[in-house]
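Enquirer: could you look at this predicted model? Sequence included:
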Amino acid sequence: MGDVRNISVLNPSFEQPSHAPGGNTNGAPGWTVSGPSNAGTFFPTASRYPVSGGPTDGNNVAFSNGQTISQVLGDVVEALNLYTLQVDVGDRSDATFHGFDVELLRGGNLLGSVDESTLTVPDGGFATATIEYFATGNDINLGQNFEIRLTSDGPQTNFDNVRLTAVQTPEPATLALWGVIAVVAFTCYRRTRIR
């Protein structure tokens, strides 16, 4: 496996614009809000997140009252890369949690998703939604831009610390071949040592 490469996400922890504690604004630089602009950035006080003590990265989070917050990234799908999207999802202690969707797409088509049926978010805390996608050498998505979508199923779901990474990875057949080579080399080494 190769080195982990961070893929650029604009305003990944929703720190722009800055707020005083308890402050919020509709919209978020770098992100698009679908429908009525009842989603944006928010500086929750620690009392709203007693389990985690506040946001997971910085002061702000994104909030959504049923809207989708999305971003089309500059990076495109490349062959033989394992992509991992991670987003921290928050359940405020002072609001009813209605559920969420975290989605990774390319060209408008879904690559993977996480929602409340597969990730338990603690009341007053955060949990990390993780989506992995491996692009093969003949993947139909090659060259298409990634898109991240964050959706709340009702009022006051929060999102924080959005990150997408890539690792250059050999195809399974290549890995199997290297495994065979390693076994043969080890067997030859043992035979020469035993003589």
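Expert: Yes, it's here. As the structure is a prediction and not an experimental result, all values here were calculated from the model.
Enquirer: any idea what T68 is bridged to?
Expert: T151 (DSSP bridges).
Enquirer: all strands for this structure, in order.
Expert: Ranges of strands in the chain, per DSSP state E, are 4-7, 24-26, 32-33, 39-42, 61-64, 68-76, 81-91, 100-106, 109-115, 125-135, 145-152, 157-168.
Enquirer: redo the ones you listed as TSV? Include distance to Y49.
Expert: (Each C-beta comes from the backbone N, C-alpha and C, glycine too.) Written out in TSV, the entries for those read as follows (distance: least, C-beta to C-beta, whole Å):
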stretch	distance to Y49
strand 4-7	26
strand 24-26	15
strand 32-33	23
strand 39-42	11
strand 61-64	9
strand 68-76	19
strand 81-91	7
strand 100-106	16
strand 109-115	20
strand 125-135	6
strand 145-152	16
strand 157-168	8
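Enquirer: export the ones you listed as a markdown table, with columns for mean neighbour count, distance to E15 and mean pLDDT.
Expert: Below are the strands of the chain laid out as a markdown table (neighbours: other C-beta atoms under 10 Å; distance: least, C-beta to C-beta, whole Å; pLDDT from 0 to 100):
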| stretch | mean neighbour count | distance to E15 | mean pLDDT |
| --- | --- | --- | --- |
| strand 4-7 | 13 | 17 | 96 |
| strand 24-26 | 15 | 12 | 96 |
| strand 32-33 | 16 | 17 | 96 |
| strand 39-42 | 24 | 8 | 97 |
| strand 61-64 | 26 | 10 | 98 |
| strand 68-76 | 16 | 15 | 96 |
| strand 81-91 | 23 | 14 | 98 |
| strand 100-106 | 21 | 19 | 97 |
| strand 109-115 | 16 | 23 | 96 |
| strand 125-135 | 18 | 16 | 97 |
| strand 145-152 | 21 | 16 | 97 |
| strand 157-168 | 21 | 10 | 97 |
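Enquirer: what's the closest of the ones you listed to S18?
Expert: Counting by C-beta to C-beta, S18 lies closest to strand 39-42 out of those; the figure is 8.9 Å.
Enquirer: helices and strands around that closest one, which ones?
Expert: Strand 39-42 is packed against strand 24-26, strand 61-64, with contacts defined by 3 or more C-beta pairs under 8 Å, 6 or more residues apart in numbering; DSSP states H and E.
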